[in-house]
Structures are given as C-alpha cells and as structure tokens.
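Asker: please find the sequence and the predicted model below.
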Amino acid sequence: MKFKGALFDMDGLMFDTENLINDAMRIAGKEMHLPVTDTLLMSMKGINKQGCTIRMLTAFGMENEEELLPFRSRIVQLRAERLKAYGVPVKKGLYNLLTYLKYNDYKIGLATSTSDDIAESMLKEANVYHYFDSIVYGNQVINGKPFPDIYLKCACDLELSPEECIVFEDAPSGIEAGYKAGAKVIMIPDCVPPSDKEKKRCLAILKDLGQAVGFLSKYANT
C-alpha cells in the first residue's frame, strides 16, 4: 500500500524547537517570578495557543490573557535571539524525507499548532516552505490538537481522505489528533517517550525522520 499524502507536525518533529521554547519559558518565568514547572511545559506539548493560554492562566493564577502579554513578549524575544544566533535547528532526516516524498509524488501537508506568523518565518528560514502543498496553522482551526480538526482540514486541502495519508508526529496530543482523523500515524519521539497508548495507535515508532524513507519504501511494496 502506498499513501498519497504525508502530513507533518512542525515543532519537535521537523525542528528541535521544543527545547528552545522550554528554555525561553524557564528564563522568562524566573525573571518574572512565575512558576514555570516541567509539569506545565509537558502539558502544552502539541497544544494550540488557546489551550496553552488556559494552562498558563491556571498555573500562574491569572484571570485574563492580557496578564500574560509581558511573559509572552519576553519568550518571543528570547526565542528570536536564539534563532538569530544559531538558526532554525532542523531535525535529522527532514530534508531527505521531504525530497523522497516529492520525488515519489506524495502530496505534502503541514498541520502545526503554531500560529502562521511564527511558523511561516521558520519554514522559510529552514528552506522547507516550498515543499508543502498545504499548510494549516494553529490559528486557522477552532479546536486544536488533540482534536482532529487540523488534520482533517489539511487532508481536505490536499483533496485527499485522511485514510490516504500518513501523519508524522512527536507528541501524544498530535498522535491522538492524527489517529482520530482516521490517518495512519508514525511517531518520532522528541521530549515525550511513547506510552502504551501511543504504541497501539501508531503504525510505527521510528528513531528519526530519516528512517521513514526506508519504512515507506518497504510499506509501499507490501
């Protein structure tokens, strides 16, 4: 069986930005005396901006989103400084996988919880923006991951059914979204190792994106 579409998450899967964002949040939290705990950081993996806002307001004891603005502004500043100094940290095997998919006539989509302004600049800086036939950003769907909306829209934009697509994800919330959409999911673990739940829901769990080339080549011939 050969899939017709490949749908990608971005942060933690294509780019090693989860650790970058975590470090920025820890620094900003320390500067502003806010309790940025590992539990909070883990709870926001793969979640869109609205979901992250709810979690931070609860953790920080704040009542409205405006109170978060200084904290968020500082995170953006710290992240921008790091990216300017070191560039976008691209995950191993990404370019090889994208090239393989294009060469083999897959339609390629991106379904990221990150907002359009931030994600687009990173995709262009990493020189991968042109690979994608459809991009759906976190601010373009009402219900973010773990709801399936973003993958359903991405597949629809590619004029494919979810069942014709393979989803590449690193986080449990994204895996749940891809699974509920009806796609097959390949997990490339980042910060969170797979639980029994993810192992049951994934077609495969691979070490890096480069391994997906061999896996898809063999899978297409079965």
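Answerer: Received, thanks. None of the values given here were measured: they were computed from a predicted structure.
Asker: what's the spacing between the closest residue to residue 204 other than its chain neighbours and residue 139?
Answerer: Spatial nearest neighbour of residue 204, chain neighbours left out: residue 186 (5.0 Å); criterion: CB to CB, 6 or more residues apart in numbering. For the C-beta atoms, the positions are set from N, CA and C on the backbone; glycine is no exception. As defined by CB to CB, to the nearest Å, residue 186 lies at a distance of 26 Å from residue 139.
Asker: which one's more surrounded, these two?
Answerer: Remark: of residue 186 and residue 139, residue 186 carries more neighbours, 24 against 17, as counted by other CB atoms under 10 Å.
Asker: looks like that one contacts residue 166 (just checking).
Answerer: Yes. Here residue 186 reaches residue 166: they are 6.2 Å apart, a contact under CB atoms under 8 Å.
Asker: overlap of the contact sets of those two?
Answerer: Counting by CB atoms under 8 Å, 6 or more residues apart in numbering, the shared contacts of residue 186 and residue 166 are residue 203.
Asker: residues touching residue 4, list them.
Answerer: 106, 107, 160, 164, 165.
Asker: try it again with 6 Å
Answerer: If you count contacts by CB atoms under 6 Å, 6 or more residues apart in numbering, residue 4 has them with 160, 164.
Asker: do you know the pLDDT at it?
Answerer: pLDDT, residue 4: 96.
Asker: repeat for residue 82
Answerer: 85.
Asker: now residue 1
Answerer: Confidence for residue 1, expressed as pLDDT, is 67.
Asker: would you map the strands across the protein?
Answerer: 5-8, 107-111, 134-136, 165-169, 184-187, 204-205 (DSSP state E).
Asker: break this structure down into its domains, please.
Answerer: Following automatic domain parsing, the chain resolves into domains at 5-16+88-220, 18-86.
Asker: what's the least confident stretch among these?
Answerer: domain 18-86 (a mean of 89).
Asker: gap between that domain and the chain center?
Answerer: Offset of domain 18-86 from its chain centre (CA atoms, centre = their mean, to the nearest Å): 17 Å.
Asker: return the distance of the residue lying closest to residue 102 once chain neighbours are set aside relative to residue 101.
Answerer: The shortest distance from residue 102 to any non-neighbouring residue, by CB to CB, 6+ apart, is to residue 131 (6.3 Å). Plainly put, residue 131 is 8 Å away from residue 101 if you go by CB to CB.
Asker: and the strands of the chain: which comes nearest residue 197?
Answerer: strand 184-187 (11.1 Å; CB to CB).
Asker: ranges for the helices of this protein?
Answerer: 18-32, 38-43, 49-60, 69-86, 94-103, 116-125, 149-157, 172-181, 196-201, 211-220 (DSSP state H).
Asker: in CSV, list the C-alpha atoms belonging to the second one.
Answerer: Spelled out, it's helix 38-43. Provided in CSV are the C-alpha atoms of helix 38-43 (Å, rounded to 0.1, in the frame of the first residue of the first chain):
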residue,chain,number,x,y,z
ASP,A,38,8.2,20.8,34.0
THR,A,39,4.5,19.7,34.5
LEU,A,40,3.3,22.9,32.9
LEU,A,41,5.7,22.6,30.0
MET,A,42,4.7,19.0,29.3
SER,A,43,1.0,19.8,29.4
